[in-house]
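Participant: structure for the following, please:
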Amino acid sequence: GSGGYRYFGCAKDLPGVKELFARHAAKLTKRKRGDIYKYITPDYYGLRDEEDGVLLELEGQMTAENQKKLKQCREEYKELKQQRKKMRPNNDVDGSACDDSEESSEEGLFLDGGENGVAAHVAIPSQEVVAQVLLQKKKELLLNRFT
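Facilitator: Numbering: from 1, shown residues only. This next block holds a predicted model:
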């Protein structure tokens, strides 16, 4: 019932009480999955967003801007790397030059898919580069400890 009253036995069949139970039952009915999905259109999933061409044009503009920024970052990175190489004296203890192999593997850090390919926005070093950098850091720490 409603309002805290409870109806037992034949009292449930009284005219005013039946309507109370009918309203309460209507509120409690669960919506079925089919009913929920019945009114969902392809627009909800974004399947028709590209039909007018506006979104594709905007995405093309943003992709071109992002590629320009990425190229600029790559050029700045290469210039910075060259400046560091010029300023850093070669003080290897064993006399091996690992800078040449680091330079050659550096070209593979940036993945460029070209015009329509997938371009990586983050430089991911290879295992060899990571090992060389770690070895260089350990050498520097040892040299700093004993000098």
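Participant: for this protein, what spans make up the helices?
Facilitator: For the chain, applying DSSP state H gives helices covering 15-28, 33-38, 54-87, 99-106, 127-146.
Participant: please identify the most buried of these.
Facilitator: The highest mean neighbour count among the helices of the chain, using mean count of other Cβ atoms under 10 Å, belongs to helix 99-106: a mean of 14. For the C-beta atoms, the positions are set from N, CA and C on the backbone; glycine is no exception.
Participant: can you find the helix or strand of the chain with the lowest average pLDDT?
Facilitator: Across the helices and strands of the chain, mean pLDDT, DSSP states H and E gives its lowest value to helix 99-106, namely a mean of 46.
Participant: and Val130, how far from Leu142?
Facilitator: 19 Å (Cβ to Cβ, to the nearest Å).
Participant: can I get the helices of the chain in JSON lines including distance to Gly9?
Facilitator: Listed next are those as JSON lines, based on distance: least, Cβ to Cβ, whole Å:
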{"stretch": "helix 15-28", "distance to Gly9": "11"}
{"stretch": "helix 33-38", "distance to Gly9": "35"}
{"stretch": "helix 54-87", "distance to Gly9": "65"}
{"stretch": "helix 99-106", "distance to Gly9": "87"}
{"stretch": "helix 127-146", "distance to Gly9": "81"}
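Participant: show me the one of those that comes nearest Gly46.
Facilitator: helix 54-87 (9.3 Å; Cβ to Cβ).
Participant: quick one: average confidence on that closest one?
Facilitator: On average, the pLDDT along helix 54-87 is 91.
Participant: ditto for stretch 139-147
Facilitator: 90.
Participant: roughly how far is that stretch from the heart of the chain?
Facilitator: Chain-centre distance of stretch 139-147: 40 Å, with Cα atoms, centre = their mean, to the nearest Å.
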